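Asks: Build me a structure from this.
(2 chains)
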Amino acid sequence: MTSRESNRGPGFVDLVETALPGAVTGRNLEALDPWIECPPARLAEVCRWLKTNPHVRFDALECITAVDWFEPDPKKAAKVAWQPHIELVYHLWSTSARVSLVVKVKLPRWKDDVPGSLPEAPSVAGIWRTADWHEREVYDLSGIHFTGHPDLRRILCPEDWEGYPLRRDYVMPLEYHGIRGR
Amino acid sequence: MSISAPSAPATGQRSEDYLWTLNFGPQHPATHTTLRLVLTLEGERVVDALPEMGYLHSGFEKIGEHLTFNQYVTVTDRMNYISPMANNVAWHHAVEKLLGIELTPRCRHIRTIIAELARISDHLLCNGAVGLDTGAFTFFLYAFYQREVIYDIFETLCGARFTNSYTRVGGVSQDFTPLVIEKIRAFLATFPRTLDDMERLLTRNRIFVDRTKGVGVLSKEDAIARGATGPVARASGVTRDLRKDEPYLAYGDFDFRVCCAAAGDCYARYLVRMQEMRESLRIVAQALDSLPDGPVNVGIDQRTALPAKSQVYSTIEGTISHFELSMSNRGFEVPCGESYAAIEAPNGELGFYVVGDGSDRAYRARCRPPSVLHFALFPHLIRGHTLSDVVAVLGSLNIIAAELDR
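Replies: Numbers count the residues shown, from 1 in each chain, chains lettered A, B, ... in the order given. From the prediction side, this is the model:
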């Protein structure tokens, strides 16, 4: 267990399932980066366990990414294998055991399918401090509302920016305060 | 980034009227890049700091969804422009992990050498700027002169001095020529003496030590909890170095030390960077001595790297391969998968998360820059210090706004 590629084996994931029954809804341990999936409601619980468990303590959160699985072109959308959704990807690292783990959460693109109302995921900023700015960035660029975040503001775009640029159906505004957009 | 008046610091509304607010940046000679700090001061003492970023946000991650894997390397140049070669290596490291490409031994050595030269040039600028900000102008000139030598090496190597765009999927754009090797050897021979001079100038300089020792102290626990990586973390005693922890490229073959310090202050970060330059020289020397012969790019039968011009003009496989790779949607096959790969960039852990959907463009190209987390550290490090320490702490974190904002 020295490299990122090394397989943690199913053993550790079984430990997660034993400790938190029903929290692991999907897994792929043969992927390039082995991942587990959990429901959004239990994300904070899983993350807290991963950080504090006695076996492999994942004490560093490297990165939070939101991937918008959406194809705006209806012709191409008919061919893709997935349903439109947003995937939150958390890359964890254990400084003591020197292994990594990926936690994924699937969210709807819009809350209750109402365009404009942001999907919600629990904030993990209380577990890893590094999550604070990562979550602000994901909120800013991909439009995910992190419930319980201490200071959820836009971080890269201006405060009055409209839309979420890393959404696949995002259209650049025509004009912003007199500056031509596109 | 906010365009309205700065809101009150996170600690809440302050009624104390003796506190005053100072806007530091976004254009300020001592920020070196375009970032902004809203400082709350009590006299000369910093009570709180509110970092603001986003002034250089250029949508690099969005651009990554529109450019092919080879084209995007030009954008990575513009992230940490102090050491673009390291960014090139990081980007293609992640892409090759996704594509499952095994590099040739010669390519691994070459990438290791250029990544270490990039580290030296980055550390030179960072330490030079810390010296400059604390009043040591001569030191900065020594550092910048040596950066110039490294620029010359890169120019000889690939024609570009600053934005190199040197790596390609499965290889590099130009092989090492004897002239490049000669220039690197000359640099290896002369640089230690300059490094000695630089250390004599600053390491025991009373003014510099007083300005940096005990300033901006980061404890080991905080460094891990707040996500510090690279020299910032190692100066706090965290023994994390991706080159040792998960050896990539050819780092596993070389003998080098991970430089650490215990103090965690600005002075320790300066010392770690100075030491790391010497270790980088050792790595470069070993890699040059053991530079394997053979091809630098993966073979044309793998259809991932552009063939050499001699192959394109003289063989039919080369011609076909060249055109297939140049045409859109005829290039190499990309699996529907994802990979996160990080390298030990000069500044810390530089990771790329690449999602492939079968096309020759990334579905998502996420960058995890070290500067973001280091900038988030800043209020924690500066509280209680004086206004003049702001530049020392900011310089020792080596925040590059182009990488911060992407």
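Asks: The residue nearest to the spatial centre of chain A: what secondary structure?
Replies: By CA atoms, centre = their mean, chain A has its centre lying nearest to A:Leu88, at 2.0 Å. Under DSSP: H, G, I helix; E, B strand; the rest coil, the three-state class of A:Leu88 is strand.
Asks: contacting residues around it?
Replies: Applying CB atoms under 8 Å, 6 or more residues apart in numbering or on different chains to A:Leu88 gives the contacts A:Ile64, A:Thr65, A:Ala66, A:Lys104, A:Val105, A:Lys106, A:Leu107, A:Ala121, A:Val138, A:Ile144. In this view, the C-beta of every residue, glycine as well, is placed from N, C-alpha and C.
Asks: Please apply the same query to B:Ala94.
Replies: Going by CB under 8 Å, 6+ apart, B:Ala94 touches B:Ser339, B:Tyr340, B:Ala341, B:Gly351, B:Phe352, B:Tyr353, B:Val354.
Asks: What degree of burial does the fourth one show, as a neighbour count?
Replies: Spelled out, it's B:Gly351. 23 (other CB atoms under 10 Å in any protein chain shown).
Asks: Tell me which helix or strand the closest residue to it other than its chain neighbours sits in.
Replies: Nearest residue to B:Gly351 in three dimensions, chain neighbours excluded: B:Ala342, at 3.4 Å (CB to CB, 6 or more residues apart in numbering or on different chains). Take DSSP states H and E as the rule and B:Ala342 turns out to sit in strand B:336-345.
Asks: what do you get for B:Ile153?
Replies: Counting by DSSP H and E, B:Ile153 is found in helix B:137-158.
Asks: remind me which residues of the stretch 1-150 of chain B are low pLDDT?
Replies: Low-confidence segments of the stretch 1-150 of chain B (pLDDT under 70): B:1-17.
Asks: Helices of that one, residue ranges please.
Replies: Assigned by DSSP state H, counting those that start in this stretch, the helices in the stretch 1-150 of chain B fall at B:60-64, B:73-77, B:84-99, B:105-133, B:137-158.
Asks: cool, and chain A?
Replies: A:9-19, A:43-52, A:74-77, A:131-142 (DSSP state H).
Asks: okay, the ones you listed, which one's buried deepest?
Replies: Highest mean neighbour count of the helices of chain A: helix A:131-142, a mean of 24 (counted as mean count of other CB atoms under 10 Å in any protein chain shown).
Asks: Alpha carbons of that helix, as CSV, please.
Replies: What follows is helix A:131-142 as a C-alpha-only set of coordinates in CSV (Å, rounded to 0.1, in the frame of the first residue of the first chain):
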residue,chain,number,x,y,z
ALA,A,131,-13.0,21.8,1.6
ASP,A,132,-13.9,25.4,2.4
TRP,A,133,-12.5,27.0,-0.8
HIS,A,134,-13.0,23.9,-2.9
GLU,A,135,-16.7,23.9,-2.2
ARG,A,136,-16.9,27.6,-2.9
GLU,A,137,-15.3,27.0,-6.2
VAL,A,138,-17.6,24.2,-7.1
TYR,A,139,-20.6,26.3,-6.0
ASP,A,140,-19.3,29.2,-8.1
LEU,A,141,-18.5,27.3,-11.3
SER,A,142,-20.8,24.2,-11.2
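Asks: which residue sits closest to B:Asp152 in space, ignoring its chain neighbours?
Replies: Nearest non-adjacent residue to B:Asp152 (CB to CB, 6+ apart): B:Lys183, at 6.7 Å.
Asks: In which helix or strand does that neighbour reside?
Replies: helix B:178-202.
Asks: Give the buried residues for that helix.
Replies: Using 16 or more other CB atoms under 10 Å in any protein chain shown as the test for burial, helix B:178-202 gives B:Val180, B:Ile181, B:Lys183, B:Ile184, B:Phe187, B:Phe191, B:Thr194, B:Leu195, B:Met198, B:Glu199, B:Leu202.
Asks: what about A:His177, neighbour count?
Replies: 7.
Asks: What score does it have for pLDDT?
Replies: With respect to pLDDT, A:His177 scores 87.
Asks: quick one, phi/psi of it?
Replies: phi 50, psi 50 (degrees, to the nearest 10).
Asks: Tell me how far it lies from chain B.
Replies: A:His177 sits 8 Å away from chain B when distances are taken as CB to the nearest CB, to the nearest Å.
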